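Visitor: this one's structure only:
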Ligand SMILES: N=C(N)NCC[C@H]1O[C@@H](n2cnc3c(N)ncnc32)[C@H](O)[C@@H]1O
């Protein structure tokens with residue numbers, strides 16, 4: 001009782017709009033950046049009941065920031081790119097060690113350089129987000145480009161310069177510290193190479209920087225490495241994960257802890273699980289490429305909302321616990337007709353540091369051979385936190401043994 005009373009007293013709360021929102025329905029309330037809204041209730045984490053100039057409606061919580069009280073100093077708007085935290089994390093060795101230790105990833109980039117070494121002669125290369133400079137050093141060591149501009153925004157750049165000198169590549173490799181989309185390159189590049197992929201392909205949205213650099217620094221007819229990318233999805237079993245996080249509460253030490261299962265679902269199954277290693281036998285159907293990016297034509301505005309359809313035919317009876325996603329990227333040859341090199345981060349290739357991403361349904365569903373699982377996936381980029389997105393899955397199960405089941409679930413990654 002006391003808590004409810006305190007809660008009522010807390011409302012209304014003053015919030016300020018971080019960006020424009022256009023209502024899509026009579027029950028929603030549209031607003032513009034900077035509007036001050038009065039929040040009267042927070043019925044869910046994502047949608048709040050708010051008022052603006054006497055009009056009431058639902059508003060998306062992620063678009064709002066609590067408004068500092070008049071007498072408190074105004075906290076500056078947090079950087080939507082969270083650059084301090086992001087580039088701070090790349091200023092230490094931990095993530096670079098993880099990426100360099102990923103032999104599948106790193107050897108693929110080396111193979112791209114080796115198999116194109118002749119065509120790289122006298123070319124201008126831009127290595128965007130070079131980190132420790134491994135790709136640039138491969139270029140200088142295994143081919144004869146005229147110059148490689150190794151661009152790195154984090155403080156790692158100082159050490160990268162040292163590695164370039166240490167390996168006798170300073171004649172070819174020039175390290176430029178700064179954000180690629182902000183710094184000046186001395187000339188256009190013939191090849192823009194980058195290892196930009198994040199979990200679920202797009203998390204971190206470093207790809208935006210690659211596209212901006214493409215539009216500004218890649219000469220007409222220049223080559224993008226990767227040239228294309230695909231997000232792949234499969235319906236799957238995840239029995240061990242389900243047992244570990246959900247079934248566990250059924251009979252721990254002979255006691256019934258099932259009242260905690262709704263909490264477990266909220267805590268463990270609301271967000272995607274990164275670094276999931278799916279066993280190929282847990283795939284319930286053949287995988288499907290649901291989103292494909294052509295790195296020459298995709299535009300930054302396309303990244304706001306990407307949608308892909310899928311239709312899976314279940315190949316064996318099992319428990320449909322969720323979907324697993326991974327990605328592949330392709331590197332076209334510099335020579336006409338030359339072989340394309342591919343990096344596949346899926347369950348049938350050598351594991352990479354990304355592994356796969358698991359999206360758990362709230363409740364597992366029994367499926368049988370011949371059932372179809374149709375639907376779509378929507379990647380909705382966070383309008384405020386620009387390195388984040390929400391992944392929404394809609395599915396429709398047609399089963400001979402059961403009437404069709406329809407479901408949908410949205411997974412914040414992370415805000
Ligand atoms: N998911 C990944 N492939 N992350 C690799 C990111 C590497 O690129 C660097 N990086 C990311 N974005 C940028 C940018 N816009 N400009 C320069 N370096 C960048 C980052 O500091 C790290 O060394």
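Guide: Cool, the structure landed. In this text, all values refer to a predicted model and were calculated from it rather than measured experimentally. Numbers count the residues shown, from 1 in each chain.

Visitor: contacts only, for the closest residue to the ligand within the stretch 51-200 of the chain.
Guide: Closest residue of the stretch 51-200 of the chain to the ligand, CB to the nearest ligand atom: residue 129 (2.4 Å). Quick note: C-beta positions are derived from backbone N, CA and C, even for glycine. Residue 129 is in contact with 151-153, 180, 194-196, 206, 209, counting by CB atoms under 8 Å, 6 or more residues apart in numbering.

Visitor: change it to 6 Å
Guide: residue 194 (CB atoms under 6 Å, 6 or more residues apart in numbering).

Visitor: what helix or strand is the residue nearest to residue 230 when sequence neighbours are not counted on?
Guide: Nearest residue to residue 230, sequence neighbours excluded (CB to CB, 6 or more residues apart in numbering): residue 289, at 4.3 Å. According to DSSP states H and E, residue 289 maps onto strand 288-294.

Visitor: avg pLDDT for that strand?
Guide: Averaging pLDDT along strand 288-294 yields 98.

Visitor: count of neighbours near the residue nearest to residue 230?
Guide: Counted with other CB atoms under 10 Å, residues neighbouring residue 289 total 14.

Visitor: distance-wise, check it relative to residue 191.
Guide: 25 Å (CB to CB, to the nearest Å).

Visitor: would you mark the buried spots in the helix ranked longest in the chain?
Guide: Counting by DSSP state H, the longest helix found in the chain is helix 103-115. Neighbour-count burial for helix 103-115, counted by 16 or more other CB atoms under 10 Å, picks out 105-106, 108-110, 112-113, 115.

Visitor: in the stretch 201-350 of the chain, which spans are strands?
Guide: 218-225, 228-236, 273-276, 288-294, 305-313, 318-331, 341-344 (DSSP state E, counting those that start in this stretch).

Visitor: what pLDDT does the model give residue 68?
Guide: pLDDT, residue 68: 55.

Visitor: likewise for residue 376?
Guide: 98.

Visitor: surely it is in contact with residue 396?
Guide: No. Assessed by CB atoms under 6 Å, residue 376 is found out of contact with residue 396, at 9.7 Å.

Visitor: picking that back up, next SSE downstream of the longest helix of the chain?
Guide: strand 124-128.

Visitor: picking that back up, and of the strands of the stretch 201-350 of the chain, who's closest to residue 413?
Guide: strand 273-276 (8.8 Å; CB to CB).

Visitor: show me how far that closest one is from its chain's centre.
Guide: Computed by CA atoms, centre = their mean, to the nearest Å, the chain-centroid distance of strand 273-276 equals 12 Å.

Visitor: got the contact list for the longest helix of the chain?
Guide: Applying CB under 6 Å, 6+ apart, the external contacts of helix 103-115 come out as 135, 138-139, 142-143, 331, 341, 343, 350, 352.

Visitor: which residue packs closest to the residue nearest the centre of the chain, ignoring adjacent ones?
Guide: In the chain, the residue lying closest to the centroid (CA atoms, centre = their mean) is residue 203, at 1.8 Å. Distance criterion CB to CB, 6+ apart; nearest residue to residue 203, sequence neighbours excluded, is residue 413 at 5.7 Å.
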